[in-house]
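K.L.:
Generate a structure from the sequence data that follows.
(one chain, ligands or ions: 1)
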Amino acid sequence: MNVETADMNTELMVDGNAIAGELEQIFGHDMTMAVARCAGCAADSMMATLMAFVRGPGAVLRCPSCTSVIARIVETPTATYLDARGMLYLRMTHAS
Ligand SMILES: [Zn+2]
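P.N.:
Coordinates of the predicted model:
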């Protein structure tokens, strides 16, 4: 099975809102409005609008423009792993 496409089952696709709770646990506040820049195509997307695949071992977030993997989140009994190598940066605007 191709590892890069194994989670591209669109029937299992939701959006970034589905993992808002996990993101809030990691970052300490609501991340749905944070903007991630895709390392693949440089598109800016709010976390809430990313393609999310949550039925695998952990959650996978993909760019809605080019479908590159932007981030992976894996929960184990002892730790949370955040693999964010697919984003150039994450922009969190300060609350005013
Ligand atoms: Zn992209």
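
K.L.:
Every contact and neighbour count from this point should use C-alpha atoms.
P.N.:
Noted.

K.L.:
Which strand runs longest in this protein?
P.N.:
Longest strand in the chain by number of residues, with DSSP state E as the criterion: strand 69-75.

K.L.:
tell me what that one is packed against?
P.N.:
strand 59-62, strand 80-83 (3 or more Cα pairs under 8 Å, 6 or more residues apart in numbering; DSSP states H and E).

K.L.:
Of those strands, flag the one that's most buried.
P.N.:
strand 59-62 (a mean of 24; mean count of other Cα atoms under 10 Å).

K.L.:
so where do the strands sit in the chain?
P.N.:
Under DSSP E, the chain gives strands at 13-15, 35-38, 44-46, 51-53, 59-62, 69-75, 80-83, 87-91.

K.L.:
Okay, V69 and D83: tell me how far apart.
P.N.:
As for V69, its distance to D83 is 10 Å (criterion: Cα to Cα, to the nearest Å).

K.L.:
And for G56?
P.N.:
For G56, the distance to D83 - Cα to Cα - is 15 Å.

K.L.:
Also A18?
P.N.:
Taking Cα to Cα, one finds A18 at 18 Å from D83.

K.L.:
Now tabulate the strands of the chain in JSON lines and tack on distance to L23.
P.N.:
Shown next, in JSON lines, are these (distance: least, Cα to Cα, whole Å):
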{"stretch": "strand 13-15", "distance to L23": "13"}
{"stretch": "strand 35-38", "distance to L23": "13"}
{"stretch": "strand 44-46", "distance to L23": "13"}
{"stretch": "strand 51-53", "distance to L23": "12"}
{"stretch": "strand 59-62", "distance to L23": "11"}
{"stretch": "strand 69-75", "distance to L23": "9"}
{"stretch": "strand 80-83", "distance to L23": "10"}
{"stretch": "strand 87-91", "distance to L23": "12"}
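
K.L.:
TSV for those, including distance to H29 and mean pLDDT?
P.N.:
Output for the strands of the chain, formatted as TSV (distance: least, Cα to Cα, whole Å; pLDDT from 0 to 100):
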stretch	distance to H29	mean pLDDT
strand 13-15	18	88
strand 35-38	14	98
strand 44-46	15	97
strand 51-53	19	94
strand 59-62	18	95
strand 69-75	16	94
strand 80-83	16	94
strand 87-91	13	97
